[in-house]
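**Q** pasting a predicted model and its sequence here:
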Amino acid sequence: MMRCIAIDDEPLALEVIRKYCSETPLVKLENTFTDAIQALAWLKMKKVDLIFLDIHMPDISGIQFITSLKNPPLVIFTTAFPQYAVKGFDLEAVDYLVKPIKSERFLKAVIKAQKILERDQPASIPGEGYTFVKSGYQTIKICFNDIRMIEGQDDYIKIHLHSESSPLLSLMSLKSILEKLPGDKFMRVHRSYIVPLKDIHCIRNKYIYLKDDKVPVGDTYHDAIQQWLSGI
């Protein structure tokens, strides 16, 4: 999951970005800013993978903002002025979204950013990767390759493992566990389910068929799944 912020002097524009981010499991919106100077100060303390950045702002333009950063993250420019597009791409922006931004166009830009981020990261060794999850009085190591699927139930999650006949119960949300998982290996496909992408055998009649399981596809996550499929 990519960590991101959004900067725009128009609060309504930020609301649109906030809404779209909440509808895709690919990004986590860490903060929003109407003041670019405050965003600069925040970025000195924290790091993100992606910035949604308006170009035409009163105190400092989006182009001035991104060029002022020593090691800038990926950037998707957002603006109502398409004439700035050429300059945006000169700065190697991931994409350029013209307002009013459509949800499908937003998702396409986010997927493009994710692919760039994955390409630039060092390749992992097959079989590696794990996280720790608290279950009862224990903190248990969970290998990513061992996860069959993750199911949300009220305040708990059930982590179904290939190596265990019974699921592991943990007092946490699906959103919290998703943040611990690599975004290129897992996807939330329903408000109650996260699945490993490598185990998807087919998608039919609003269901995902895994090696040993079948889970429903939520309407909110349908577009993200289709975009993932188109990029394979």
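**A** Received, thanks.
**Q** from now on I want contacts and neighbour counts done on CA atoms only, so please keep to that.
**A** Will do.
**Q** so which residues of the chain form helices?
**A** 11-22, 36-43, 62-67, 85-90, 103-120, 174-178, 222-230 (DSSP state H).
**Q** any chance of those helices in a markdown table, plus mean neighbour count, mean pLDDT and distance to His56?
**A** What follows is the helices of the chain, written out as a markdown table (neighbours: other Cα atoms under 10 Å; pLDDT from 0 to 100; distance: least, Cα to Cα, whole Å):
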| stretch | mean neighbour count | mean pLDDT | distance to His56 |
| --- | --- | --- | --- |
| helix 11-22 | 16 | 95 | 12 |
| helix 36-43 | 14 | 93 | 11 |
| helix 62-67 | 17 | 87 | 7 |
| helix 85-90 | 14 | 54 | 12 |
| helix 103-120 | 16 | 87 | 19 |
| helix 174-178 | 16 | 92 | 33 |
| helix 222-230 | 14 | 83 | 29 |
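**Q** would a markdown table of the ones you listed with distance to Leu161 be doable?
**A** Below are the helices of the chain laid out as a markdown table (distance: least, Cα to Cα, whole Å):
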| stretch | distance to Leu161 |
| --- | --- |
| helix 11-22 | 28 |
| helix 36-43 | 38 |
| helix 62-67 | 43 |
| helix 85-90 | 44 |
| helix 103-120 | 26 |
| helix 174-178 | 14 |
| helix 222-230 | 23 |
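**Q** minimum distance to Tyr130: which of the ones you listed has it?
**A** When those are compared for distance to Tyr130 using Cα to Cα, the nearest one is helix 174-178, at 12.0 Å.
**Q** which stretches of the chain have low pLDDT?
**A** 82-91, 120-128, 231-232 (pLDDT under 70).
**Q** okay, domains of this protein per the record?
**A** 2-120, 130-230 (automatic domain parsing).
**Q** tell me the contacts of Leu174?
**A** Ile150, Glu151, Gly152, Ile157, Ser192, Tyr193, Ile194 (Cα atoms under 8 Å, 6 or more residues apart in numbering).
**Q** which among those residues end up buried?
**A** Ile150, Glu151, Gly152, Ile157, Ser192, Tyr193, Ile194 (16 or more other Cα atoms under 10 Å).
**Q** specify the beta-bridge partners of the nearest residue to the first one once chain neighbours are set aside.
**A** So that's Ile150. Distances taken as Cα to Cα, 6 or more residues apart in numbering place Ile159 nearest to Ile150, at 4.6 Å, with adjacent residues excluded. Under the criterion DSSP bridges, Ile159 forms beta bridges with Ile150, Leu168.
**Q** tell me the contacts of Ile159?
**A** Taking Cα under 8 Å, 6+ apart, one finds Ile147, Arg148, Met149, Ile150, Glu151, Pro167, Leu168, Leu169, Ser170 in contact with Ile159.
**Q** ok, Leu29 next?
**A** Leu29 sits next to Arg3, Cys4, Ile5, Ala6, Arg18, Cys21, Ser22 when contact means Cα under 8 Å, 6+ apart.
**Q** distance to Leu107 for those residues - can I get that in CSV?
**A** CSV is the format used below for the contacts of Leu29 (distance: Cα to Cα, whole Å):
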residue, distance to Leu107
Arg3, 15
Cys4, 14
Ile5, 16
Ala6, 15
Arg18, 13
Cys21, 9
Ser22, 11
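**Q** which of those sits closest to Ile142?
**A** Arg3 (22.6 Å).
**Q** name the nearest residue to Ala224, sequence neighbours excluded.
**A** Leaving aside its sequence neighbours, Ala224 sits nearest to Thr24 (Cα to Cα, 6+ apart; 6.6 Å).
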